[in-house]
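Student: Sequence unavailable; structure follows:
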């Protein structure tokens, strides 16, 4: 099913809402000190707030606003329609959806345990491949609603599962078997517990009962390193990155390619964890986290640069900017890591293949690959000044170091896709066709992109007039220019470290939501018409009710509650850190 922008926006609103609540940091069914040491990742949700706490937060106030009801219902119905269900069963009504969403008022834990290393433990469950997912939910006050919801979802499945009763840890439990998976489910005291593997199910129940004396996740080095990012908050998450090796596909016995040597060459273990938490700070919903590990040279952390205080692209940010997003990468480090992985991936007798591929690429682009990558500073930025957020009017920035060689590279890469090239002062304007190239029989080009190449940067957009307007806005990157930045942007920037690897800002008050709504409706109608013309039952169709919720949605609901979105990332000796908030 094709996903339209309205669907994406609705889903984002839902996800942000679900992740932006608290209830005085309620106790979760399982805290890290109770989880097994082999926990690969977890997400703890501590429940939604009530009263003044809920009213004071901008995002939650938006979600509760009656004018957002059409979007709330459409978002939840879209999530329901994305699963395989019996088409003969009626969809959830709006009232049922609202009632079901109230389950999120209680806390829960979602996590994954690594496969047991002992053969005896692994042999307990052989019905399906190992799946370490587990779920524990505090059902206090929600017992009847939870049971009703589970039965309703089960009844809507195309192929009803086979349900049988088994005994686990001396208590009855349900085994729910489907064609491709099995789930175990039980109620233990005030908790509802589910898992996709019997050994995991038994382990989680033992932890809830306090009967396990084995080491916990909180005792591991990776968790202890990340602990400062996990104390307090309405939601917290933790991923032990090196254990992602468990998901690497096994190569066939006769295959010369082995996954482990590649992961070793990339030094996956240099990244210890990805973790963070979300808090409510008055009207603000804030996410803080980090990817922690060994950030010394020669590791995966080389992909990110140390950052800078004032990105070059910031000189294009004017007082009427709607959104700005900037980030920096180390292309040379990426290339070195790629070559390192390729060398260990190839058998000994094929080690010369890396140099051969490098030579072919150099011949194709007219210069060594390392020289081509060195042409770019690594800074990327996107800037939007159009209140309707028209993607055709977005401008993309890329920092460069050598204009003549950059132009040479562009001419080589795009070849007959170049439509025109002209110079105006120190700027070269290039038109590139993304839909066709020139040939000896004539010109067959469409879907043009317009580029402006200067001595220090390259900018691109889909419309020439947008490019001209953008270049006309440029001001020197000095103190006077910075003083003209939007006050909200300056306030957000002042709260981040001096040197940044990434920076983002969206002025949500300047968006023309009515124009945005009109464009979404027009796009939905175009998609529907295009699908109908194909005359295929399998053609993507807009989800039921999409046009209705778009037509009924009052755009002013966003203006009432949302002000700005800001975020930044930076690198230090411990890893990559990020801080984002919505107000």
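Tutor: Great, that's in hand. Worth saying up front: this structure is predicted, and the values here are computed from it rather than measured.
Student: my guess is residue 213 is in a strand, correct?
Tutor: No. Using DSSP: H, G, I helix; E, B strand; the rest coil, the assignment for residue 213 is coil, not a strand.
Student: Wait, a helix at residue 314?
Tutor: Yes. Membership of residue 314 in a helix is supported by three-state DSSP.
Student: and it, how many neighbours?
Tutor: Using other Cβ atoms under 10 Å, the number of residues around residue 314 comes to 21. For glycine as for every other residue, the C-beta is placed from the backbone atoms N, C-alpha and C.
Student: now it: how far from residue 399?
Tutor: Distance, residue 314 to residue 399, by Cβ to Cβ, to the nearest Å: 12 Å.
Student: Now do the buried residues in the lengthiest helix in the chain.
Tutor: As assigned by DSSP state H, the longest helix anywhere in the chain is helix 513-534. If you call a residue buried by 16 or more other Cβ atoms under 10 Å, then helix 513-534 has these buried ones: 513, 516, 517, 519, 520, 521, 524, 527, 528, 531.
Student: again with stretch 201-215
Tutor: 201, 202, 203, 204, 205, 207, 208, 212.
Student: need the buried residues of helix 513-534 in TSV with distance to residue 372, can you?
Tutor: Converted to TSV, those look like this (distance: Cβ to Cβ, whole Å):
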residue	distance to residue 372
513	42
516	39
517	43
519	38
520	39
521	44
524	41
527	38
528	44
531	41
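Student: Columns pLDDT and distance to residue 432 on top of those, output as JSON lines?
Tutor: Output for the buried residues of helix 513-534, formatted as JSON lines (pLDDT from 0 to 100; distance: Cβ to Cβ, whole Å):
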{"residue": "513", "pLDDT": "89", "distance to residue 432": "33"}
{"residue": "516", "pLDDT": "88", "distance to residue 432": "28"}
{"residue": "517", "pLDDT": "86", "distance to residue 432": "32"}
{"residue": "519", "pLDDT": "86", "distance to residue 432": "25"}
{"residue": "520", "pLDDT": "83", "distance to residue 432": "28"}
{"residue": "521", "pLDDT": "84", "distance to residue 432": "31"}
{"residue": "524", "pLDDT": "78", "distance to residue 432": "30"}
{"residue": "527", "pLDDT": "76", "distance to residue 432": "27"}
{"residue": "528", "pLDDT": "73", "distance to residue 432": "31"}
{"residue": "531", "pLDDT": "67", "distance to residue 432": "30"}
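Student: Chain neighbours aside, what residue packs nearest to residue 301?
Tutor: residue 295 (4.1 Å; Cβ to Cβ, 6 or more residues apart in numbering).
Student: give the contact list for that neighbour.
Tutor: Going by Cβ atoms under 8 Å, 6 or more residues apart in numbering, residue 295 touches 270, 301, 571, 572, 573, 574, 575, 576.
Student: ok, now residue 302?
Tutor: 330, 333, 336, 337.
Student: which residue sits closest to the first one, ignoring its sequence neighbours?
Tutor: In space, and not counting its chain neighbours, residue 330 is closest to residue 305: 5.3 Å by Cβ to Cβ, 6+ apart.
Student: quick one on the thing from earlier: just the buried residues of helix 513-534 now: which is nearest residue 582?
Tutor: residue 513 (15.9 Å; Cβ to Cβ).
Student: quick one, what contacts that closest one?
Tutor: 555, 556, 558, 559.
Student: if we go to 10 Å?
Tutor: Residue 513 sits next to 387, 388, 389, 553, 554, 555, 556, 557, 558, 559, 562 when contact means Cβ atoms under 10 Å, 6 or more residues apart in numbering.
Student: cool, residue 311 as well?
Tutor: Going by Cβ under 10 Å, 6+ apart, the list of residues near residue 311 reads 317, 324, 326-328, 377, 379-381, 397, 399, 477, 500-503.
Student: picking up where we left off before, among the buried residues of helix 513-534, give me the pair with the biggest separation.
Tutor: Greatest spatial distance in these: 513 and 531, 26.6 Å, computed using Cβ to Cβ.
Student: Count the residues that sit near residue 240.
Tutor: For residue 240, the count of nearby residues is 24 (other Cβ under 10 Å).
Student: I'd guessed it sits against residue 272; true?
Tutor: Yes. In this structure, residue 240 is within contact of residue 272 by Cβ atoms under 10 Å, at 7.6 Å.
Student: Quick check: neighbours shared by these two?
Tutor: Shared contacts of residue 240 and residue 272 (Cβ under 10 Å, 6+ apart): 220, 222, 223, 226.
Student: Tell me the one of these nearest residue 355?
Tutor: Distances from residue 355 to these, taken by Cβ to Cβ, are shortest for residue 222, at 37.5 Å.
Student: now what about stretch 419-437, what contacts it?
Tutor: 403-404, 406-407, 410-411, 413-418, 438, 443-456, 458-460, 462, 464, 467-468, 471.
Student: List only buried entries from the residues you listed.
Tutor: Of the contacts of stretch 419-437, these count as buried by 16+ other Cβ under 10 Å: 403, 406-407, 410, 414, 417-418, 445, 448-454, 458-460, 462, 467, 471.
Student: Can you list which of those residues are found in strands?
Tutor: 418, 448, 449, 450, 451, 452, 453, 458, 459, 460 (DSSP state E).
Student: Give the residues shared as contacts by residue 314 and residue 399.
Tutor: 326, 381.
Student: Now do the phi/psi pair for residue 298.
Tutor: Phi and psi for residue 298, reported as degrees, to the nearest 10, are phi 90, psi 0.
Student: hmm, I was thinking of residue 297
Tutor: Reported as degrees, to the nearest 10, the phi and psi values for residue 297 are phi -60, psi 150.
Student: For residue 298, which residues are in contact?
Tutor: Here residue 298 is in contact with 267, 270, 333, 336, 337, 340 (Cβ under 10 Å, 6+ apart).
Student: what two of those have the greatest distance between them?
Tutor: By the measure Cβ to Cβ, 270 and 336 form the most distant pair in the contacts of residue 298, at 14.1 Å.
Student: neighbour-wise, which of the two wins?
Tutor: More neighbours surround residue 270 than the other of residue 270 and residue 336, with 18 against 15 (other Cβ under 10 Å).
Student: Tell me how many other residues crowd the closest residue to the more buried one other than its chain neighbours.
Tutor: Excluding its sequence neighbours, the residue lying closest to residue 270 (Cβ to Cβ, 6+ apart) is residue 299, at 3.6 Å. Residues within reach of residue 299, counting by other Cβ under 10 Å, total 19.
Student: One more: residue 281?
Tutor: By the criterion of other Cβ under 10 Å, residue 281 has 11 neighbours.
Student: How confident was the prediction at the closest residue to it other than its chain neighbours?
Tutor: Counting by Cβ to Cβ, 6+ apart, residue 581 is the residue found nearest to residue 281 once chain neighbours are left out, at 7.6 Å. At residue 581, the predicted lDDT confidence score is 90.
Student: Spit out the contact partners of residue 581.
Tutor: Residue 581 is in contact with 278-279, 281, 283-288, 492, 495, 564-567, counting by Cβ under 10 Å, 6+ apart.
Student: ok, which stretches of the stretch 251-400 of the chain are helices?
Tutor: Assigned by DSSP state H, counting those that start in this stretch, the helices in the stretch 251-400 of the chain fall at 259-265, 331-345, 352-365, 369-374.
Student: before we move on, the earlier item: which PyMOL command selects the buried ones in the shared contacts of residue 240 and residue 272?
Tutor: In PyMOL syntax, the buried subset of these is picked out as below (16+ other Cβ under 10 Å):
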select buried, resi 220+222+223+226
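Student: And the furthest pair within the shared contacts of residue 240 and residue 272?
Tutor: Using Cβ to Cβ, those span at most 9.8 Å, a distance reached by 220 and 226.
Student: residues shared between the contacts of these two?
Tutor: Here residue 220 and residue 226 share the contacting residues 32, 240, 272, 273, scored by Cβ under 10 Å, 6+ apart.
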